[in-house]
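In: With the sequence up front, the predicted model follows.
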Amino acid sequence: MPLTDEQLADFRTKGFVVLKDFFNNATMQRVSRCLDTIQTKQSEGNLDAKYYEISPVTGENMLVRIENIIGDHNDELSSILLSSESIDALSRILGETPILFKDKINYKLPGCREDKLHQDQAAGWGQYCDFFVTMVVAVDENRRENAAMAVLKTGNYEHRLMTEEWQPLADGESPYSREEEYAILEVDPGDVIFFDAYVPHGSPANTSQKGRRNIFLTFNRLSEGDNRARYYQDKWESYGPNKLDDARAEDSFLV
Ligand SMILES: O=C(O)CCC(=O)C(=O)O
């Protein structure tokens, strides 16, 4: 389903837009199966790079996310996600051809920590370029109960960093504490959210029994270069994947 002029205008005003039913049910069942496979299969090197943390809710070691999922190692998933409709919508938003910068699955399983309110650009992305758009594909139902994302809905934010790099926007404040300014995006499987890397967002800890998987695909304009290999090379050096037994304790802001 193409992005309408109204949706594009919405994105320009608020920094995000939700497209209902972007992928149909049958497609989302295939996507869900792909995610189950990736979750259980052994990672090869840094492909399907898994990140484990100690849950602040349950104290157990748990999978938080898997990065670097797009490529020949997951060809079915890659071709579904990078469909011509996706590229078309991203091209309209970016005003030119998009190129993938990074990609990950956030599992947000029961007990998963909060994602503090932040701007993605603050995660060191400025060394690669100044403007990114992330396409979030909802794989499971996202509800308030299972920590649906909260996104600033007023459009009242700067297209620059509002904190020092690596700093969240509001430490110690629940992402749901300012509902007059933040929309809680209760989306369904197959819905897609596009948001820019400056719009504040986050989600609380998942204290429910229901996991919710979302796929995050981040793009920049092709004219600003192919930065993915360099991004991941830098990331593997500074913050590489780990093992279940080696789960990290910190719940710092890292995207
Ligand atoms: O998965 C979520 O709820 C939020 C994740 C997030 O904010 C991010 O990865 O930038």
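Out: Sure thing, it's come through.
In: all contacts plus neighbour counts: C-alpha atoms, from now on.
Out: OK.
In: which secondary structure elements does the longest helix seen in the chain contact?
Out: In the chain, taking DSSP state H as the definition, the longest helix is helix 25-40. With contacts taken as 3 or more C-alpha pairs under 8 Å, 6 or more residues apart in numbering; DSSP states H and E, helix 25-40 sits against helix 75-81.
In: Please point out which parts of the helix it packs on sit buried.
Out: For helix 75-81, a neighbour-count test (16 or more other C-alpha atoms under 10 Å) marks 77-78, 80-81 as buried.
In: Let me know the closest of the residues you listed to the ligand.
Out: For the ligand, the closest of those turns out to be L81, at 17.5 Å, with distances computed as C-alpha to the nearest ligand atom.
In: pLDDT score for the closest one?
Out: The model reports L81 with a pLDDT of 98.
In: F23 contacts D191, doesn't it?
Out: Yes - in this structure, F23 is within contact of D191 by C-alpha atoms under 8 Å, at 6.7 Å.
In: tell me which helix or strand of the chain sits lowest on mean pLDDT?
Out: Across the helices and strands of the chain, mean confidence by mean pLDDT, DSSP states H and E is lowest for strand 115-118: a mean of 94.
In: Against which helices or strands is that one packed?
Out: In terms of contacts (3+ C-alpha pairs under 8 Å, 6+ apart), strand 115-118 is packed against strand 201-203.
In: Run the contact check for the strand it packs on versus the ligand.
Out: Yes - legend: contact between strand 201-203 and the ligand by C-alpha under 6 Å from any ligand atom is shown at 201-203.
In: Out of those residues, which end up buried?
Out: Neighbour-count burial within these applies to 201-203; the criterion is 16+ other C-alpha under 10 Å.
In: Give me the below-cutoff pLDDT ranges for this protein.
Out: Residue ranges of the chain with pLDDT under 70: 250-254.
In: go again using 80 as the cut-off
Out: Of all residues in the chain, those with pLDDT under 80 make up the ranges 1, 171, 250-255.
In: Return the residues of the stretch 151-255 of the chain in contact with the ligand.
Out: Residues of the stretch 151-255 of the chain that fall close to the ligand, judged by C-alpha under 6 Å from any ligand atom: 201-203, 255.
In: again, only this time at 8 Å
Out: Within the stretch 151-255 of the chain, the positions adjacent to the ligand are 201-204, 213-214, 216, 254-255 by C-alpha under 8 Å from any ligand atom.
In: Quickly name whichever of the residues you listed is closest to E85.
Out: Taking C-alpha to C-alpha as the measure, F216 is the one of these closest to E85, at 16.3 Å.
In: Where does the closest one fall, secondary structure wise?
Out: For F216, the element it lies in under DSSP states H and E is strand 214-221.
In: Other residues contacting that strand?
Out: With C-alpha atoms under 8 Å, 6 or more residues apart in numbering as the contact definition, strand 214-221 has outside contacts at 94, 96-107, 129, 131-140.
In: Among the residues you listed, which are located in helices?
Out: With DSSP H as the criterion, helices contain L94 from among those.
In: Weed out the non-buried ones from the contacts of strand 214-221.
Out: Buried among the contacts of strand 214-221 (16+ other C-alpha under 10 Å): 94, 97-107, 131-140.
In: of the residues you listed, list those near the ligand.
Out: Restricting the buried ones among the contacts of strand 214-221 to those within reach of the ligand (C-alpha under 8 Å from any ligand atom) leaves 106-107.
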